[in-house]
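# here is the input, now give the coordinates:
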Amino acid sequence: MRPVYWIAAAAAIAVAVTLLLSSPTHDRRPGSSPARSPQALPGLARIPQCGAECDPIDARFLADLTLGRVSFWIQPWRAYLDTWPAGRLPSALGINFNVKPAMAAAVARLLHGAGFRHARVAVGWDTISYADPGTFTHEPQIRAKFAALHSNGLRPLIVLGSSSGVPCPARKVNLETVSPAAAGATTVVLSGASAARVVPGQSGFNPGAFGA
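All right, here's what the predicted structure looks like:
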């Protein structure tokens, strides 16, 4: 169910966009060309132009944007609105399930008793084994979390995360420098044995090791 304030916000956005489109100075900067209206773009001529009188939900927002086209006026998310009965709200409760595997069963049981039916679980790409991409580095812990959710009737929303520090499967190695690196330095000097272990284009520093 979408709350009333969502609908009010969508209506307010529709009014704001209409006012911007009607302004002759919209998106004008010194030396820039005038912003084109939707009517100037092929295939986008049927965009509603009735402002606050328009229904904020209009199927044309989806149907008029052909494959391969991009528009700053037509927004597909405004093409439909499902109004669900209030009785469905209790079954929509969810929570971010970021507990330790050892606590997963107890927490999942507690959440189920409190009425929760959904749980968000993040699984990072860096948890995939570098040596064996078909497995996880800590698969038993991951399985424990999902088993706990399954046993207690919580449906997981699995998010495949890719952090900036370790965005993909990686293998950690410790390398030895032969001289200190000054603050702000962009290069380091490695020992011969360490330099031999470096793979150009793949090896790099671990930002987490430096508090970044």
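# how about the strands in the chain?
94-96, 118-124, 155-161 (DSSP state E).
# can you tell me which of these is nearest to Ile74?
strand 155-161 (28.3 Å; CB to CB). Yep, even glycine has a C-beta here, placed from its N, CA and C like the rest.
# where does the prediction get shaky in the chain?
1-54, 207-212 (pLDDT under 70).
# picking that back up, could you dump the strands of the chain into a markdown table and include mean neighbour count?
Formatted as a markdown table, the strands of the chain follow (neighbours: other CB atoms under 10 Å):
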| stretch | mean neighbour count |
| --- | --- |
| strand 94-96 | 13 |
| strand 118-124 | 17 |
| strand 155-161 | 12 |
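# dump those to TSV, plus distance to Thr187.
Formatted as TSV, these follow (distance: least, CB to CB, whole Å):
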stretch	distance to Thr187
strand 94-96	41
strand 118-124	30
strand 155-161	31
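# the ones you listed: which one's closest to Ser194?
Ser194 lies closest to strand 118-124 among those, at 27.2 Å (CB to CB).
# so who does Leu93 touch?
Residues counted as contacts of Leu93 (CB atoms under 8 Å, 6 or more residues apart in numbering) are Gly115, Phe116, Arg117, His118.
# do that again at 10 Å, thanks
Leu93 makes contact with Leu111, Ala114, Gly115, Phe116, Arg117, His118, Ala119, Leu154, according to CB atoms under 10 Å, 6 or more residues apart in numbering.
# so who does the third one touch?
Yep, that's Gly115 we're talking about. Gly115 neighbours (CB under 10 Å, 6+ apart): Pro90, Ser91, Leu93.
# which of the strands of the chain sits closest to Ala63?
Per CB to CB, nearest to Ala63 of the strands of the chain: strand 155-161, 29.2 Å.
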